[in-house]
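Visitor: the sequence and its predicted three-dimensional model are supplied below.
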Amino acid sequence: MRSSKLNRRQFLGAVSSLSAGVFAPAAHAISGTRNKNHLLIETAHFDNKGGWKLDTQFHNILGFSYLLAHGMGEPVNDARTKVRFPDKGKYHVWVHAKDWCPGDWESPGRFQLMVDGELLPEEFGTQAGWGWQKASPIEVEDTDVMIRLKDLTGFEGRCGAIYFTKEASEIPPADLKELTAWKLEKQGMSTKPSEVEYFDTVIVGGGISGCAAALAASSQGIKVALIHARPVLGGNASSEIRVHTEGIHGKAADFLEQIDTRHWPNGSPGAHEDDRKRHEAMESAEGLELYLNHTLIAAKTKGDKIESVDAVDPETGTRRRFVSPVFIDCTGDGWLGYMAGAEFSYGRESKHKYGEAWDQHGELWSPEKPDGRVMGSSVLWRSFENTAKKTFKFPDVPWAKPVVGSYAATNGEWQWEYSAPDKHQIHDAEEIRDHMFRAIYGCFSNAKKRPENARYYLQFVAYNAGKRESRRLIGDHVYTMRDAADSVEFEDTVVTEKRKIDVHYQEKLLGKEVDFLSEALFHSIKNTFYYIPFRSLYSKNVSNLMMAGRCFSCSHIGLGGPRVMNTCGQMGVATGFAAALCSKHETTPRSVGKKHLAELRKLCGYA
């Protein structure tokens, strides 16, 4: 079996490149796929992405990943790739792009296309919504051609694909579902995987919970795969998002100390140090294979079991299948459970369902009727004051004015968070992230108009959103606010925590000025600690699926305390040990909880 594991030098080199803001080039010299009449280029496959970022976080909503010109107001370096046309002659050109902020202003994400040194006159990213924009036709005289994306603004231009066709009447499909099938057909690609890998357990999601699960499982001598959609591990704790880990280590300190963070201010570049520590720990684990830059796209089931999952590397288009008797969903959004047909919940339950409403904010904790409101997503950011008295300008951003008004700021912490009753944290995730872009750039632009901020410049703005809540997979026990507040002890306890319950709500909902800042409501617990049972860490209806992290089995308010990363990491350790016991006893997670509970709790440190 071919191993995808990177050696230590390659691994740390990748982390260092990411820290410098540069992705490694794709592993091919000629991009695009051809027949005699057309050439389709996915921008994710570009050889050299320049200053553009590969944005994969919306792949399962859009059906593709794309390049993002994330320059914080400064145009980024060109993305470029060498392509080979199937033939000389005239080609009609289409560019798949999006005006992410349409309105009565110049589109903030404009860019141009350069073909073989010729800059096409059209500006792209000027039409609302993802769609194809037509460019001027080109004449190809030399079939080996360099393609460049030229960012014009530094404000989040985005491009998914470029299509060249000799057929003047051909228009690429606009519908996203139709587009996915069309791309496969144009590229001559199959939906079948090119490689099949076999493991004792497969974990999807490389945040703190997924890393912890992988370390615990591999420590028991079984063969483990960890699939992660990004090039750097850690999820919300990574240098891409930069939230420090909170919560206690509990009985799982031996594992969590290898992957957690120092208590940096959120948004701090110190997160890079923890990236290196985390990657070193994961790389040195025996029996663990890491599949970074792999996005889960499908789950194959038979009866109530998952047989395999498929993941794709967006940079190469390589599709791999992972076969295992046991799977752990650490995706946060519950993608694996969702694809496998696991029961899940989303939103706030009625206050009558679990009796979770009290105090003066009772209607916020749980409403009279259930609804779709959940905690939101944060985009952390920070600016830096130059001490050498150098001043910096920042562009006007009229497209941000409707969001920020006159609000001004020079830094953003966890409170910079957005949710809304009509915005789904998965289906509308790109729009939510983009709303935060408008908030950040607008507030900083307002601040820069004040003389005292003349020396400030943007140092960091995340482009991957840090999400708090979305799908919650349902297990044999749904963990509630009452379980935490009353410090209920369970016979199958495998996680311990002691922080207060806290749930976030938009300040505007509480009568404040803007909708991109949140407020935390707290509720104390009866005793020092509260406890989470193993029955909340495996699926109720998918027999070989466990879950760790914010997609564990809980109510909306039940998530309020345990959602922080060290607690999620404890869940990961418990499911990793349970996966090893599933392998040892050739059984299911539920059976481990019923027949091998003492053995599981001993491994978790509870005996």
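Guide: Looks like it arrived, so ask away.
Visitor: every contact and neighbour count from this point should use C-alpha atoms.
Guide: Will do.
Visitor: quick one: the strands in the stretch 501-607 of the chain, in order.
Guide: With DSSP state E, counting those that start in this stretch as the criterion, the stretch 501-607 of the chain has strands at 501-506, 518-523, 530-533, 545-547.
Visitor: any idea which of those strands is most buried?
Guide: Of all the strands of the stretch 501-607 of the chain, strand 545-547 has the most neighbours on average by mean count of other CA atoms under 10 Å, namely a mean of 32.
Visitor: ok, and what's touching it?
Guide: Applying CA atoms under 8 Å, 6 or more residues apart in numbering, the contact partners of strand 545-547 are 305-306, 326-330, 334, 337, 473, 537-539, 572, 575, 589.
Visitor: what's the offset of it from the middle of its chain?
Guide: Here the centre of strand 545-547 is set off from its chain's centre by 19 Å, with CA atoms, centre = their mean, to the nearest Å.
Visitor: next: stretch 164-184.
Guide: Per CA atoms, centre = their mean, the centroid offset for stretch 164-184 relative to its chain is 27 Å.
Visitor: can you pull out the residues in contact with it?
Guide: Contacts of stretch 164-184 (CA under 8 Å, 6+ apart): 37-40, 62-64, 89-94, 130-132, 190-191.
Visitor: go again with 10 Å.
Guide: The contact list for stretch 164-184 (CA atoms under 10 Å, 6 or more residues apart in numbering) reads 33-42, 61-64, 85, 87, 89-96, 130-135, 137-138, 161, 163, 185, 187-191.
Visitor: next one, pLDDT for the most centrally placed residue in the chain please.
Guide: Geometric centre of the chain, nearest residue: residue 57, 4.5 Å, by CA atoms, centre = their mean. In this model, residue 57 is scored at 97, pLDDT.
Visitor: excluding chain neighbours, what is closest to it?
Guide: Spatially, and ignoring its direct neighbours in sequence, residue 57 is nearest to residue 464 (7.1 Å; CA to CA, 6 or more residues apart in numbering).
Visitor: now do the contacts for the one you found.
Guide: 55-58, 230, 235-236, 240-242, 377-380, 430, 433.
Visitor: also residue 286?
Guide: 215, 218-224.
Visitor: any idea how far it is from residue 262?
Guide: Separation of residue 286 from residue 262 (CA to CA, to the nearest Å): 26 Å.
Visitor: same check, this time on residue 343
Guide: Distance from residue 343 to residue 262, by CA to CA: 36 Å.
Visitor: do residue 539 as well
Guide: To residue 262, residue 539 is 33 Å away according to CA to CA.
Visitor: so the two - more neighbours on which side?
Guide: residue 539 (27 against 13; other CA atoms under 10 Å).
Visitor: chain neighbours aside, what residue packs nearest to the more buried one?
Guide: Nearest one to residue 539, counting by CA to CA, 6+ apart, is residue 475 at 4.4 Å.
Visitor: test my guess that residue 491 contacts residue 597.
Guide: Yes - because the distance of 9.0 Å satisfies CA atoms under 10 Å, residue 491 is recorded as touching residue 597.
Visitor: higher neighbour count, these two?
Guide: Using other CA under 10 Å as the criterion, residue 491 and residue 597 rank with residue 597 on top: 20 against 11.
Visitor: I figured the more buried one was touching residue 574, is that so?
Guide: No - Residue 597 is beyond contact range of residue 574, at 11.2 Å (criterion: CA under 10 Å).
Visitor: find residues that contact each of the two.
Guide: Here residue 597 and residue 574 have 493-494, 534, 603 as joint contacts, going by CA under 10 Å, 6+ apart.
Visitor: what sits closest to residue 340 if chain neighbours are left out?
Guide: residue 299 (5.6 Å).
Visitor: host element of that neighbour?
Guide: In the assignment (DSSP states H and E), residue 299 maps to strand 295-302.
Visitor: for the helix or strand just after that strand, buried residues please.
Guide: Going down the chain from strand 295-302, the next helix or strand is strand 305-313, by DSSP H and E. Neighbour-count burial for strand 305-313, counted by 16 or more other CA atoms under 10 Å, picks out 305-313.
Visitor: any buried residues in the helix or strand following strand 305-313, and which?
Guide: Next helix or strand after strand 305-313 toward the C-terminus (DSSP H and E): strand 318-323. For strand 318-323, the buried set under the neighbour-count rule, 16+ other CA under 10 Å, comprises 319-323.
Visitor: buried stuff in stretch 409-424?
Guide: Using 16+ other CA under 10 Å as the test for burial, stretch 409-424 gives 409-420, 423-424.
Visitor: so which two of those residues are the farthest from each other?
Guide: Distance extremes for the buried residues of stretch 409-424: the farthest pair is 410 and 424 at 28.3 Å, using CA to CA.
Visitor: wait, what's in contact with the residue nearest to residue 539?
Guide: Applying CA under 10 Å, 6+ apart to residue 475 gives the contacts 342-344, 534-542, 545-547, 552-554, 590.
Visitor: at 7 Å what do you get?
Guide: The neighbourhood of residue 475, defined by CA atoms under 7 Å, 6 or more residues apart in numbering, consists of 535-540, 553.
Visitor: go on, residue 418?
Guide: 376-378, 432, 515-517 are the contacts of residue 418 under CA under 7 Å, 6+ apart.
Visitor: kindly report the same for residue 538.
Guide: Contacts of residue 538 by CA under 7 Å, 6+ apart are 475, 545-547, 589.
Visitor: again, only this time at 8 Å
Guide: Here residue 538 is in contact with 474-476, 545-547, 552-553, 589-590 (CA under 8 Å, 6+ apart).
Visitor: ok, residue 598 next?
Guide: Here residue 598 is in contact with residue 607 (CA under 8 Å, 6+ apart).
Visitor: check it and give its pLDDT.
Guide: For residue 598, the model assigns a pLDDT of 98.
Visitor: now residue 33
Guide: We have a pLDDT of 55 for residue 33.
Visitor: and what of residue 477?
Guide: pLDDT at residue 477 comes out at 98.
Visitor: quick check: it vs residue 532, distance?
Guide: Counting by CA to CA - residue 477 and residue 532 are separated by 10 Å.
Visitor: you'd agree residue 243 is up against residue 236?
Guide: Yes - if you go by CA atoms under 8 Å, residue 243 and residue 236 touch, sitting 5.6 Å apart.
Visitor: so where's this structure uncertain?
Guide: By pLDDT under 70, the low-scoring segments of the chain are 1-35, 357-362, 508-512.
Visitor: returning to that earlier point: and the residue nearest to residue 57, how far from residue 250?
Guide: In terms of CA to CA, residue 464 sits 29 Å off from residue 250.
Visitor: in a strand, the residue nearest to residue 57, correct?
Guide: No - under DSSP: H, G, I helix; E, B strand; the rest coil, residue 464 sits outside any strand and is assigned coil.
Visitor: so for residue 502, what's the nearest residue that isn't a sequence neighbour?
Guide: That would be residue 522: by CA to CA, 6+ apart, it lies 4.4 Å from residue 502.
Visitor: using the three-state scheme, assign residue 214.
Guide: Following three-state DSSP, residue 214 is assigned to helix.
Visitor: sorry, wrong one. I was asking about residue 192.
Guide: coil.
Visitor: the strands in the stretch 51-200 of the chain, which residues?
Guide: Using DSSP E, counting those that start in this stretch, the strands of the stretch 51-200 of the chain run over 53-55, 66-70, 79-84, 89-97, 111-115, 118-119, 131-140, 144-151, 155-165, 195-198.
Visitor: just say which of the ones you listed is most tucked in.
Guide: strand 66-70 (a mean of 27).
Visitor: next, the angle from that one to strand 79-84.
Guide: Here strand 66-70 points in a direction 150 degrees away from that of strand 79-84 (axes from the mean of the first three to the mean of the last three CA atoms, to 10 degrees).
Visitor: please save the CA atoms from strand 66-70 in CSV.
Guide: Coordinates of each C-alpha in strand 66-70 appear next as CSV, following Å, rounded to 0.1, in the frame of the first residue of the first chain:
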residue,chain,number,x,y,z
TYR,A,66,-11.0,28.1,-5.4
LEU,A,67,-8.1,30.6,-5.3
LEU,A,68,-8.7,33.7,-3.1
ALA,A,69,-6.8,36.9,-3.5
HIS,A,70,-6.4,37.6,0.3
